[in-house]
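Visitor: Need coordinates for the following:
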Amino acid sequence: MTSTNDQPPAKPETLNRPLRKFIKRTGKKAMRWVAKFQSTQSLVPDTPFIDVGHFPFLAEFEEKWQAMRDEAQEILKHRDDIPGFEQVSPDQYRLARERQWKTFVLYGFGQQLPKNCLQAPVTTEVLSRVPHVQTAWFSILAPGYHIPAHTGVTKGIVRAHLGLIIPQEREKCRIRVADEVRAWEAGKTFAFDDTFDHEVWNDTDEERVILLFDFDRPMKWRGRLLNKLMLRLMKFTAFYQEPKKNLADFEDRFEAATRRADANLEKLSE
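Guide: Model (predicted):
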């Protein structure tokens with residue numbers, strides 16, 4: 001299947017501001033040094049994929065995945081009001097285009113989005129038991145879409161994926177992390193370090209939906225201290241501030257859309 005994003009995307013004008021470019025360039029250099037230190041502090045293997053046995057709390061996600069899938073399906077009834085990742089975070093313009101990769105966010109930068117969380121109570125409850133969850137969202141990938149190769153920001157987190165709605169030809173819907181490729185499976189989780197080069201393909205004609213969430217990597221105390229410091233510093237940058245504002249706006253829009261839908265159903269039932 002031909003990818004829908006073969007042409008290079010246009011860079012948003014706001015990302016061309018000199019100060020923002022300087023901060024991003026300097027931050028990348030600093031994070032490379034930080035990553036080397038974090039790897040020495042890690043209490044779990046510093047490998048692309050990490051055995052889920054290191055994270056016992058992930059078992060509950062597999063136990064309750066069907067309830068989470070049902071919540072995602074209800075949310076998808078309003079898919080036109082779910083933002084593309086690039087609308088939430090303009091920095092992701094190379095990865096997400098034309099709302100082909102949508103994100104319904106439950107946690108952003110360690111904080112719940114309360115209105116969105118009301119739409120997925122079971123998922124939110126289980127996420128609340130994850131130690132130091134940082135981000136969580138229903139990740140909705142359009143048929144035929146390819147997320148180009150990229151790397152994450154910090155080795156201080158571990159990323160987990162739970163398969164919810166997976167195309168029938170699941171071997172054609174896959175992720176590569178470093179040199180290893182895996183296909184998603186409904187009701188199954190895997191964990192990986194997103195600072196390794198990774199990319200995603202959905203070479204099917206069906207939508208793919210997973211629960212994606214990040215949590216603090218288990219580390220020695222020096223690593224934990226540095227991770228907290230880096231996260232605090234990040235909150236002063238546009239990388240944090242801009243998505244935070246956008247998330248609040250989209251959260252309000254989605255709530256309004258569901259209220260309109262509920263009101264229309266009430267009128268039809270009268």
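
Visitor: check which helix or strand covers residue 175.
Guide: strand 173-177 (DSSP states H and E).

Visitor: Also residue 210?
Guide: When secondary structure is defined using DSSP H and E, the element that contains residue 210 is strand 208-216.

Visitor: average pLDDT across that strand?
Guide: Here strand 208-216 scores 98 as its mean pLDDT.

Visitor: what do you get for stretch 256-270?
Guide: Per-residue pLDDT values across stretch 256-270 average out to 72.

Visitor: The helix or strand harbouring residue 87 packs against which elements?
Guide: Secondary-structure assignment from DSSP H and E places residue 87 in helix 85-88. For helix 85-88, the elements it packs on are strand 101-108, helix 238-269, judged by 3 or more C-beta pairs under 8 Å, 6 or more residues apart in numbering; DSSP states H and E. In this view, the C-beta of every residue, glycine as well, is placed from N, C-alpha and C.

Visitor: For it, what is the distance to the chain centroid?
Guide: 11 Å (C-alpha atoms, centre = their mean, to the nearest Å).

Visitor: Please name the residues that touch the residue nearest to residue 252 when sequence neighbours are not counted.
Guide: In this structure, residue 252 finds its nearest non-sequential neighbour in residue 115, 7.2 Å apart by C-beta to C-beta, 6 or more residues apart in numbering. Neighbour list for residue 115: 251-252, 254-255 [criterion: C-beta atoms under 8 Å, 6 or more residues apart in numbering].

Visitor: The strand holding residue 210: what's the following helix or strand?
Guide: Next element after strand 208-216 (DSSP H and E): helix 221-234.

Visitor: Quick check: next helix or strand after the helix or strand of the chain with the lowest mean pLDDT?
Guide: Every helix and strand in the chain was compared by mean pLDDT, DSSP states H and E; the lowest is helix 18-41, with a mean of 70. Going down the chain from helix 18-41, the next helix or strand is strand 49-50, by DSSP H and E.

Visitor: Can you verify residue 139 is assigned to a strand?
Guide: Yes: secondary structure of residue 139 (DSSP: H, G, I helix; E, B strand; the rest coil): part of a strand.

Visitor: Quickly list what it is bridged to.
Guide: Using DSSP bridges, the bridge partners assigned to residue 139 are residue 103, residue 210.

Visitor: That one: how many residues sit nearby?
Guide: Residues within reach of residue 139, counting by other C-beta atoms under 10 Å, total 23.

Visitor: repeat for the one 3 residues further on
Guide: Residue crowding around residue 142 was assessed by other C-beta under 10 Å; the count is 17.

Visitor: can you pull the pLDDT of it?
Guide: 98.

Visitor: Then residue 11?
Guide: pLDDT, read off for residue 11, is 61.

Visitor: One more: residue 90?
Guide: On the pLDDT scale, residue 90 gets 89.

Visitor: ok, it - how many residues close by?
Guide: By other C-beta under 10 Å, 19 other residues sit near residue 90.

Visitor: Just confirm it contacts residue 242, I think it does.
Guide: Yes: counting by C-beta atoms under 8 Å, residue 90 touches residue 242, with 6.6 Å between them.

Visitor: Run through the bridge partners of residue 160.
Guide: So, taking DSSP bridges as the rule, residue 160 has residue 191, residue 213 as bridge partners.

Visitor: Now for it: which residues touch it?
Guide: Applying C-beta under 8 Å, 6+ apart, the residues contacting residue 160 are 52, 55, 58, 61, 189-191, 212-215.

Visitor: Now restrict the residues you listed to buried residues only.
Guide: Neighbour counting with 16 or more other C-beta atoms under 10 Å marks 52, 55, 58, 61, 189-191, 212-215 as buried within those.

Visitor: sorry, back to before: now do the strand holding residue 175: distance to the chain's middle.
Guide: Using C-alpha atoms, centre = their mean, we find the averaged C-alpha position of strand 173-177 to lie 15 Å away from the chain's own average C-alpha position.

Visitor: Taking strand 208-216 as reference, get the angle to it.
Guide: Using axes from the mean of the first three to the mean of the last three C-alpha atoms, to 10 degrees, one finds that strand 173-177 and strand 208-216 are set 30 degrees apart in direction.

Visitor: Show residues contacting strand 173-177.
Guide: Residues external to strand 173-177 that are found in contact with it (C-beta under 8 Å, 6+ apart): 48-49, 141, 149, 161, 166-167, 181-184, 192-194, 196-204, 206, 208.
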